[in-house]
Each structure stands twice: as structure tokens, then as C-alpha cells.
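J.: can you look at this prediction? I've put the sequence above it.
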Amino acid sequence: MADSGLTLVIGATGMLGRPVVRRLVADGRRVRALVRDLDRARDVLPGGCELIRGDVRDRASLESAMQDTGAVYINLAAPRSPRRPDTERECVPIIIDAARASGVGHLLKISFMGVPGAADLWWQVRHKAESQRALADSGLDFTIFQPTWFMESLALFRAGRRLLLPKVADQGVYWLAGDDYARQVSAALVTPTARNRTYVAQGFEPLSFRAAARRLAAAWPDRPLKFAQIPAWAIGAMAPVVADARYLRDLLRVTFETNTTFEAQPCWDDLGEPRMTIEQYAASLRETGDIPRK
């Protein structure tokens, strides 16, 4: 099938799906979103995005949504426990089969920095590695993004008028704004060299969690937030019984093994350099009204 210029976004209403849809629409691209809740999608997605109700587990609704599309962008939520259903692990093979049957020419997907090198460190990374292999082996053109920590994720640690962050090592992480990442996704749709590539996506400024959080707290849109840190032992104490605490503990452990070196130059060369500082990201929260929430 010739590229129709229409991109289907799966996972469009998620925290990291929304910036991608906004950027694609702003760039003048034709966008369709597969959603389960049309009312919520109308509330959080721009008016220029076509909405179609469906379920990523349903092959028929996927093929219907893929009609006349040239590309599909995949952004599926991850579970907090290996005992919970993993939508990505279950559904990426279904998406691939539907795309092949529908004649889709290009699959793009968000993954995790450090895949597949860190697949032996954490079950979550193993699942991402499986999805990446499925995409690479599909016979379809693909682009995989392995991003570092997003500024949007940092904002999730807000609790009322405080930004409460775990106390972790003072290693720098290359924080990336969702809109900068979305610009790279948008560029990948029209960049021939982005086909059949896996990119590490990072911001331009390495900051420790503490430094990044202090800057976000100081620049918060309405008025500055108070900043405080949670002792590392508190996360460890909750981890054996609380799935989200266990997930955060393991995520932070993997972060400092896979997210602290700069590896994004190929992505920058092909798809453009990120430009947004943490202060500019905070200002964008006021403009978009899209404040990340747990």
C-alpha cells in the first residue's frame, strides 16, 4: 500500500501518547486514534485528531482502525507487576498481524532505554525486548524509540503542593520533554533513514533527580511547589507488599545502569535535537493544561 499520510496512534490518551498526537496534529499530519472511551479522548486530544472506538486486543477493530493508514504508532501501558496482564506483550503480535493484513507500511513504537542489554535485570525490560524482537522480525518497516526518563514522569511525583521524590544517587539522567520526543516521532514518519532503526531518545542536559525536581518545583505553573525527598529505605520497606513501590524500586535500579550515559546522537542526527528545558516544560503545562497525574 502507498503511504496515505494517515497515522494511527494506539495508546493516544496515555501520558506519553498525548504529546505525540498534539505534535502530529500541529505538524499538519493526519492522525487517527484508536480509543476505548470516546468522551475521555475528546477531552484530552486535539480536535484535529480522528477518533475511532476499538480495543487493541480485538483484531477486527484493529484492522478497521488501520484502514487507509500508512503508519501505526504504538504506545501501550505497562503493568506494575508481572502477575498483571501485560497489554504490550499480549497485543504487539496482534497489532503486527493486523498491520500486515491491512497493508500498513511502517510501525513505530516506544520502548525503554537499555533494551535489550538490560533484559536480564528486570521482567519489564524482558517484555520490552520481546516486543522489539517481534517488531524487528515482522518483515514490516519499523522504528523503535528507547527513551530515557521523561519530564512528564518527574511531574507524577507531585502530591498537592509538594514534589516528593525518592532519594537516589546523584547521577545525571538526560531528562526528555514529551514534546521534544514527539517531534522526533513526527520526523521519523517522513525520514527514510528512520526505517528499520532503533533509536535512543534523550534530552540534552544531564541532571540528577534532585536537581531536576528542584527546578521543576521552582518553575511550577501557578506557584512554586515545595520539594522534599523520600528516604530510599521507605521505598524498600514497602516494595515486598506494594506493587507500585516494588515497580519504582526496580525502575530506579535499572535507570542507573542504563540511563546515565549519552547515546542519543544518531537520533539527533536523523530526527533533530531536543530543545526544551525543564523550565520550558513547566511553562508548557500552563499552555496545554496537560498536567500528568497518577
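T.: Yep, it's here.

J.: which helix or which strand is home to Gln146?
T.: Assessed by DSSP states H and E, Gln146 sits inside strand 141-147.

J.: can you list the strands that that strand pairs with?
T.: Here strand 141-147 is paired, per DSSP bridges, with strand 106-110 (parallel), strand 197-201 (parallel).

J.: which helices and strands sit right next to the next helix or strand after the last one?
T.: It stands for strand 197-201. Downstream of strand 197-201, the next assigned helix or strand under DSSP H and E is strand 206-207. Helices and strands touching strand 206-207, by 3 or more CB pairs under 8 Å, 6 or more residues apart in numbering; DSSP states H and E, are strand 173-174. C-beta: built from backbone N, CA, C; applies to glycine.

J.: what helices or strands is the strand it packs on leaning on?
T.: Secondary elements touching strand 173-174 (3+ CB pairs under 8 Å, 6+ apart): strand 206-207.

J.: residues near Ala194, how many?
T.: For Ala194, the neighbour count with other CB atoms under 10 Å is 22.

J.: so which of the strands paired with strand 141-147 gets nearest Asp290?
T.: Asp290 sits nearest to strand 106-110 of all the strands paired with strand 141-147, at 17.1 Å, using CB to CB.

J.: and the lowest-mean-pLDDT helix or strand in the chain, what's buried?
T.: Lowest on mean pLDDT, DSSP states H and E among the helices and strands of the chain sits helix 232-238, with a mean of 77. Residues of helix 232-238 classed as buried: Ile235 (neighbour count, 16 or more other CB atoms under 10 Å).

J.: helices or strands next to that helix in the packing?
T.: Going by 3+ CB pairs under 8 Å, 6+ apart, helix 232-238 lies up against helix 243-258.

J.: recalculate using a threshold of 10 Å.
T.: strand 162-166, helix 243-258 (3 or more CB pairs under 10 Å, 6 or more residues apart in numbering; DSSP states H and E).

J.: who does the first one pair up with?
T.: With DSSP bridges as the criterion, the sheet partners recorded for strand 162-166 are strand 158-159 (antiparallel), strand 226-230 (parallel).

J.: which element is Arg183 on?
T.: Counting by DSSP H and E, Arg183 is found in helix 178-188.

J.: put the alpha carbons of that helix into CSV.
T.: The C-alpha coordinates for helix 178-188 follow below in CSV (Å, rounded to 0.1, in the frame of the first residue of the first chain):
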residue,chain,number,x,y,z
GLY,A,178,7.3,14.7,25.8
ASP,A,179,7.0,17.3,23.0
ASP,A,180,10.7,17.0,22.0
TYR,A,181,10.2,13.3,21.8
ALA,A,182,7.0,13.8,19.8
ARG,A,183,9.0,16.0,17.3
GLN,A,184,11.3,13.1,16.7
VAL,A,185,8.4,10.7,16.2
SER,A,186,6.9,13.1,13.7
ALA,A,187,10.2,13.4,11.9
ALA,A,188,10.6,9.6,11.7
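
J.: just want the angle from that helix to strand 106-110.
T.: Inter-element angle recorded for helix 178-188 and strand 106-110: 160 degrees (by axes from the mean of the first three to the mean of the last three CA atoms, to 10 degrees).

J.: the nearest residue to Ala33 once chain neighbours are set aside and Phe204: what is the separation?
T.: Excluding its sequence neighbours, the residue lying closest to Ala33 (CB to CB, 6 or more residues apart in numbering) is Ala12, at 3.6 Å. Counting by CB to CB, to the nearest Å, the gap from Ala12 to Phe204 is 27 Å.

J.: among those two, which residue is more densely surrounded?
T.: Ala12 (24 against 16).

J.: where does pLDDT dip in the chain?
T.: 1-4, 239, 241, 294 (pLDDT under 70).

J.: go with 90
T.: Applying pLDDT under 90 to the chain flags residues 1-5, 77-86, 88, 116-121, 165-167, 169, 222, 230-247, 249, 293-294.

J.: so where do the helices sit in the protein?
T.: Secondary structure of the chain by DSSP state H: the helices cover 17-26, 38-44, 59-65, 87-102, 123-136, 151-155, 178-188, 209-219, 232-238, 243-258, 265-271, 278-288.
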